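S.K.: Coordinates only, no sequence provided:
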């Protein structure tokens, strides 16, 4: 999916919601455990009730990898089930030397058919650029994440008071245009998101940390939006575990609908 | 495997060689492609001819992941086939927020049974510490890698002229002892390896980049060893693709034997 198509979806659905499919086998409602593939069955029902309200799905790959080959099968089936007009994000946080990153790119963009993958910047240019060789496929580079450990290294400043996350944004923008490069910016960094927008005016930001991690959706939207919206705000646990009984999927749909409604307001207010 | 056991293996085999099982389906000798699982068959024969000369095997997970569920099966079979007294490294370069890193830890330490995993430091403490909750399991943290992109961010200096890779080593040593924490230090950083040893006197270093990437084994050994050796030097392509015909495994064994013989000399010379 290219940027124009993504922006069109945001306008059409009046939403910049990304639903995080961090499906934990231990948190799935009991009645689904009798099915042949409980993880896929859970995802399928969540997708059925949420797809109208979101523009992206983001399976966190760890949750599938932890289940071995069966997990990868559930992931592939989930990916195949997601409607084609919804942007897909492999939240894998990969990054390795050139020939290896190429293989990861092949795994997520070809063997599977994700639109994008999250990538860690520590190893530099040649760990990122192999992901950029695929048409209409995206790198979503970790810039300033939402966890407490984000303060260990990401905000270290160099002699010119440029923080590491700022160096990552500045340098990586030389590797790709905003047609292929997004940044992960945690919602818990709301006080910095306006500043980060000034560093990357036309790049989309994937914003985790709203909800369970305490980020504020209005602050993020106000400070982070650009004229194309430029945000994909992720909610995982707040949606997929909104309910835990037989009506879990309807509860998830309601939670997604509420967020979409809130987002509709911010789109009107801040663009 | 704990540190004492690893050091004992190094002494017994007079080797600190790690064989990188970066098995590329496109580079496997033709005659193996008729077998049911060519990747495993290749690895099995490589292990048969090299295990006497090495103390560690390091499958790069990307090569398996690129093949989908079949690749994960080949990886599990390979891991099961590696003799128990050899240290195993999942070269996965993972790292995510706490609950997700815990799942990666579970995947590589429990679902599979690796001794260690390579981890990227960008997200900080809470992305690394979940891997440290397992007995006799190791984190091998990226410090200063062997690729050209290692110069993009890893050597950025703060106001006190402390480079990012130095900050990573210093801070992470507060999270774990040298019984659970190693560092990735590229052989192409030979001029810095003595300095890095001074920052982490008792930690093992996993050193990629000898051979295909141009690192110098003697320089690395001279500058990087401590009294327990403290090095695992990896060779991937130089060993597993030493030959490409029906005698490929014997060629790999010869290449591993040559490196072991060289290492034996350095162990005597520099410890």
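M.R.: Thanks, I have it. This is a predicted model, so every value here is computed, not measured. Residues are numbered from 1 along each chain as shown, chains lettered A, B, ... in the order given.
S.K.: Could you report the neighbour count for residue A:269?
M.R.: 11 (other Cβ atoms under 10 Å in any protein chain shown). (C-beta placed from N, C-alpha, C; glycine too.)
S.K.: so where do the helices sit in the stretch 51-200 of chain A?
M.R.: Assignment of helices within the stretch 51-200 of chain A using DSSP state H, counting those that start in this stretch yields the ranges A:61-65, A:69-81, A:98-105, A:125-128, A:150-153, A:164-172, A:190-199.
S.K.: Please name whichever of the ones you listed is nearest to residue B:22.
M.R.: Between residue B:22 and these, the tightest spacing by Cβ to Cβ is seen for helix A:98-105, at 7.6 Å.
S.K.: is chain B contacted by that closest one?
M.R.: Yes. Shown here: helix A:98-105 in contact with chain B (Cβ under 8 Å from any Cβ of the partner chain) through A:98, A:100, A:101, A:103, A:104.
S.K.: Neighbour count and pLDDT added to the residues you listed, as a markdown table?
M.R.: Shown next, in a markdown table, are the residues of helix A:98-105 next to chain B (neighbours: other Cβ atoms under 10 Å in any protein chain shown; pLDDT from 0 to 100):
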| residue | neighbour count | pLDDT |
| --- | --- | --- |
| A:98 | 17 | 83 |
| A:100 | 23 | 91 |
| A:101 | 28 | 92 |
| A:103 | 25 | 90 |
| A:104 | 25 | 92 |
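S.K.: and the residues you listed as a markdown table, adding distance to residue A:176?
M.R.: Converted to a markdown table, the residues of helix A:98-105 next to chain B look like this (distance: Cβ to Cβ, whole Å):
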| residue | distance to residue A:176 |
| --- | --- |
| A:98 | 16 |
| A:100 | 19 |
| A:101 | 14 |
| A:103 | 19 |
| A:104 | 16 |
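S.K.: quick revisit: which of the helices of the stretch 51-200 of chain A is buried the deepest?
M.R.: helix A:61-65 (a mean of 25; mean count of other Cβ atoms under 10 Å in any protein chain shown).
S.K.: which secondary structure elements does that helix contact?
M.R.: Under the contact criterion of 3 or more Cβ pairs under 8 Å, 6 or more residues apart in numbering or on different chains; DSSP states H and E, helix A:61-65 touches helix A:69-81, strand A:87-94, helix B:98-105.
S.K.: Now the stretch 151-271 of chain A against chain B: closest residue?
M.R.: Going by Cβ to the nearest Cβ, chain B is nearest to residue A:152 of the stretch 151-271 of chain A, at 3.2 Å.
S.K.: returning to what we had before: including distance to residue A:51, could the helices of the stretch 51-200 of chain A go into TSV?
M.R.: TSV is the format used below for these (distance: least, Cβ to Cβ, whole Å):
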stretch	distance to residue A:51
helix A:61-65	20
helix A:69-81	10
helix A:98-105	27
helix A:125-128	30
helix A:150-153	31
helix A:164-172	31
helix A:190-199	27
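S.K.: Would you mind saying which of those lies nearest residue A:36?
M.R.: Nearest of the helices of the stretch 51-200 of chain A (Cβ to Cβ): helix A:69-81, 10.2 Å.
S.K.: Pull the residues that contact that closest one.
M.R.: A:21, A:23, A:37, A:39-40, A:43-44, A:47, A:59, A:61, A:63-65, A:67, A:88, A:112-114, B:68-69, B:72-73 (Cβ atoms under 8 Å, 6 or more residues apart in numbering or on different chains).
S.K.: Please name the residues that touch the nearest residue to residue A:158 once chain neighbours are set aside.
M.R.: With sequence-adjacent residues excluded and distances taken as Cβ to Cβ, 6 or more residues apart in numbering or on different chains, residue A:158 is closest to residue B:156, at 5.4 Å. Neighbouring residues of residue B:156 by Cβ under 8 Å, 6+ apart: A:156, A:158, A:164, A:167, B:163, B:164.
S.K.: Quickly list what the second one is bridged to.
M.R.: Counting by DSSP bridges, residue A:158 forms beta bridges with residue B:158.
S.K.: who in the stretch 151-271 of chain A is up against chain B?
M.R.: A:151, A:152, A:153, A:154, A:156, A:157, A:158, A:159, A:164, A:167, A:168, A:171.
S.K.: how about these, which pair is most distant?
M.R.: A:151 and A:171, at 20.7 Å, using Cβ to Cβ across these.
S.K.: Provide a list of residues in contact with the closest residue to residue A:102 other than its chain neighbours.
M.R.: Excluding the flanking residues, the one nearest residue A:102 by Cβ to Cβ, 6+ apart is residue A:130, at 4.2 Å. Residue A:130 sits next to A:98, A:99, A:101, A:102, A:104, A:105 when contact means Cβ under 8 Å, 6+ apart.
S.K.: Against residue A:38, how distant is residue A:130?
M.R.: Noted for residue A:130: a distance of 35 Å to residue A:38, by Cβ to Cβ, to the nearest Å.
S.K.: For residue B:31, which of the helices and strands packed on helix A:61-65 is the nearest?
M.R.: helix A:69-81 (26.8 Å).
S.K.: mean confidence for that closest one?
M.R.: If you average the pLDDT over helix A:69-81, you get 93.
S.K.: And stretch A:7-27, by the same measure?
M.R.: Mean predicted confidence for stretch A:7-27 is 97.
S.K.: Which positions in it come out as buried?
M.R.: Of all the residues in stretch A:7-27, those buried under the rule 16 or more other Cβ atoms under 10 Å in any protein chain shown are A:7, A:9-10, A:13-25.
S.K.: Could you do stretch A:243-259 as well?
M.R.: The neighbour-count check on stretch A:243-259 (16+ other Cβ under 10 Å) flags A:243, A:248, A:249, A:251, A:252, A:253, A:254, A:255, A:256, A:257, A:259 as buried.
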